[in-house]
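Q: Provide a 3D model corresponding to the input given below.
(chains A and B)
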Amino acid sequence: MNGSDNINIEERDDATIVKPEGDVDMGRSPALREAIRQAQGAATSRVVVDLEDVGYMDSSGLATLVEAMKITRSSKKVLILCAMNDRVRAIFEIAKLDQYFTITADLPSALES
Amino acid sequence: MTNSASDKPAIRLELLSNPSYLAGARELISGVSKRIGFDDLACSQVALAVDEALCNIIRHGYECDESRPIWVSIWPNPDGAATDDQGRPLPSIRIVIEDEAKQVELEQIKGRDLEDIRPGGLGVHIIKEVMDEVTFEKRDGAGMRLTLVKKQTPPDQADSQSEGAA
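A: Modelled structure (predicted):
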């Protein structure tokens, strides 16, 4: 997303995987929001946001994911976050949102959960 | 304290209230922090605090008008170079962020209740969590001024403070 809003979306194992790249900040979070909305409309029961290639996230990114979680729950689907680095995980902990989301260590464990 | 002629900042950045420039501001802040000796954790905390402050100004102060000015002034080691009792450097940084947006009553500036989970409202909480001093003021005439201070935690105290910090 840093510079190109590069977000990959693919379906696998009854999950739609959203994989943003770069920083997720106020300038970039609208593109992530749009990608997750697209994933929520897919015919899979789970939405997985793979954060492996996200180096930085601020509260705009958190807000996008909180909104995504609420929409996903209301549509009886499951939202899973995976592969976040320590820097990204820390902001979830500061905001006390690390217990609100299902967070897995990597993509395979997200697809198995 | 921060704006007198005898206390000029080492760096003064003027940027437009456009989210596209947040990454550049973060890199500047992080780079300066690194250069004066902050560890990686502290550098990312200072950059995060500035990012959140700029976002609040853009979103709430200027209501997403991308053409308005924001000024960021930086004082590395404002009280002089300090060391701990073993001679290790303990850098500090003071950052003042000013705008000419609508003024806000100081008692209204607060983060939301963390138990009330909803999108938004986390910026002020995050800033206060990662910085040592956070002071909001009304500028004379128009706009707000936010002063942020961060001091490097001595290594023997860092382990106990690193949990839950960015």
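
Q: Within range of chain B, give me the residues from chain A.
A: Counting by C-beta under 8 Å from any C-beta of the partner chain, chain A comes close to chain B at A:2, A:23, A:25-27, A:56, A:58-60, A:62-64, A:66-67, A:70, A:87, A:90-91, A:93-97, A:100. Just so you know, the C-beta spots here come from the backbone N, C-alpha and C atoms, and that holds for glycine as well.

Q: Repeat the analysis, applying 7 Å as the threshold.
A: Listed as neighbours of chain B in chain A under the rule C-beta under 7 Å from any C-beta of the partner chain: A:2, A:23, A:25-27, A:58-60, A:62-63, A:66-67, A:87, A:90-91, A:93-96, A:100.

Q: Buried among these? Make that a ChimeraX selection.
A: Per 16 or more other C-beta atoms under 10 Å in any protein chain shown, the buried members of the residues of chain A next to chain B correspond to this ChimeraX selection:
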select /A:2,23,25,26,27,58,59,60,62,63,66,67,87,90,91,93,94,95
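
Q: Please flag which of the residues of chain A next to chain B sit within strands.
A: A:Asp23 (DSSP state E).

Q: Looking at the residues of chain A next to chain B, which are in helices?
A: Using DSSP state H, the subset of these located in helices is A:59-60, A:62-63, A:66-67, A:87, A:90-91, A:93-94.

Q: Switch those residues over to CSV; also include pLDDT.
A: As requested, those are exported to CSV (pLDDT from 0 to 100):
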residue, pLDDT
A:Ser59, 95
A:Ser60, 95
A:Leu62, 96
A:Ala63, 95
A:Val66, 96
A:Glu67, 96
A:Arg87, 92
A:Ala90, 94
A:Ile91, 94
A:Glu93, 94
A:Ile94, 93
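
Q: Below-threshold pLDDT in chain B: ranges please.
A: Counting by pLDDT under 70, the ranges of chain B that qualify are B:1-6, B:155-166.

Q: Check it and tell me which residue is nearest its centre.
A: With distances taken as C-alpha atoms, centre = their mean, the residue of chain B nearest its centroid is B:Val50 (3.9 Å).

Q: before we move on, back to that, of all the ones in helices among the residues of chain A next to chain B, which comes closest to A:Gly41?
A: A:Glu67 (15.0 Å; C-beta to C-beta).

Q: how near is that closest one to B:Arg118?
A: 8 Å (C-beta to C-beta, to the nearest Å).

Q: got it, and A:Glu21?
A: A:Glu21 is 27 Å from B:Arg118, by C-beta to C-beta.

Q: If you count surrounding residues, which of those two has more?
A: For A:Glu21 and B:Arg118, the more surrounded residue by other C-beta atoms under 10 Å in any protein chain shown is A:Glu21, and the numbers stand at 20 against 12.

Q: surely that one meets A:Arg28?
A: No - taking contacts as C-beta atoms under 7 Å, A:Glu21 lies outside contact range of A:Arg28: 9.7 Å.

Q: all strands of chain B, in order?
A: Counting by DSSP E, the strands of chain B are B:11-16, B:69-76, B:92-99, B:133-138, B:144-151.

Q: Can you pull out the residues in contact with the last one?
A: When contacts are taken as C-beta atoms under 7 Å, 6 or more residues apart in numbering or on different chains, the neighbours of strand B:144-151 outside the stretch itself are B:2, B:42, B:45-46, B:49, B:53, B:61, B:90, B:92-99, B:101, B:103-104, B:131-139.

Q: Direction included, what does it pair up with?
A: strand B:92-99 (antiparallel), strand B:133-138 (antiparallel) (DSSP bridges).

Q: hey, C-alpha coordinates of the first one in CSV?
A: Spelled out, that is strand B:92-99. Output of strand B:92-99 as CSV, limited to C-alpha atoms (Å, rounded to 0.1, in the frame of the first residue of the first chain):
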residue,chain,number,x,y,z
SER,B,92,15.3,13.1,24.7
ILE,B,93,13.2,15.0,22.1
ARG,B,94,10.6,17.7,22.2
ILE,B,95,8.2,18.1,19.4
VAL,B,96,5.7,20.9,19.0
ILE,B,97,2.9,20.5,16.5
GLU,B,98,0.9,23.6,15.6
ASP,B,99,-2.1,24.3,13.3
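
Q: quick one: it to chain centroid distance?
A: 6 Å (C-alpha atoms, centre = their mean, to the nearest Å).
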